[in-house]
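Participant: Could you work out the structure for the sequence below:
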Amino acid sequence: MVKQTTKGYKMFTVFNYIILILTALSCILPLLNVLAVSFSSKSSVEAGNVSFFPIGFTIDSYGYIFTSSQFFTALWVSVQRTVLGTLVALLL
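Facilitator: Residues are numbered from 1 along each chain as shown. This next block holds a predicted model:
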């Protein structure tokens, strides 16, 4: 069975895809920028040269985070709150 589509339906489909793609990009691009900044050198970030791709690739920021005890404390608090919140929500 062949379904006939109207001109209006085709236009709706095109605009719908455009809106969905723009919405997806508005969600993904900021995350990509944060990731690029985290892998870029400090001087490139301070100069404002980083957009969506790292400049002066380095993992120094991750080395600093993983050597800090505050990171693991914050991570443990997040895990506790997530587990406790899930248990309370399931019980209620």
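Participant: Report the secondary structure state of residue 55.
Facilitator: Following DSSP: H, G, I helix; E, B strand; the rest coil, we place residue 55 in the coil state.
Participant: mind checking how far it is from residue 49?
Facilitator: Distance, residue 55 to residue 49, using C-beta to C-beta, to the nearest Å: 5 Å. No exception for glycine: its C-beta is placed from N, CA and C like everyone else's.
Participant: So which residues of the protein form strands?
Facilitator: Ranges of strands within the chain: none, based on DSSP state E.
Participant: Low-confidence bits of it, can you list those?
Facilitator: Residues of the chain that meet the criterion pLDDT under 70 lie in 1-2.
Participant: re earlier: which of residue 55 and residue 49 has more neighbours?
Facilitator: Between residue 55 and residue 49, residue 55 has the larger neighbour count (other C-beta atoms under 10 Å), namely 17 against 12.
Participant: contacting residues for the closest residue to the more buried one other than its chain neighbours?
Facilitator: Once flanking residues are discounted, residue 55 sits nearest to residue 44: 4.1 Å by C-beta to C-beta, 6 or more residues apart in numbering. Contacts of residue 44 were listed using C-beta atoms under 8 Å, 6 or more residues apart in numbering, and they are 50, 55-56.
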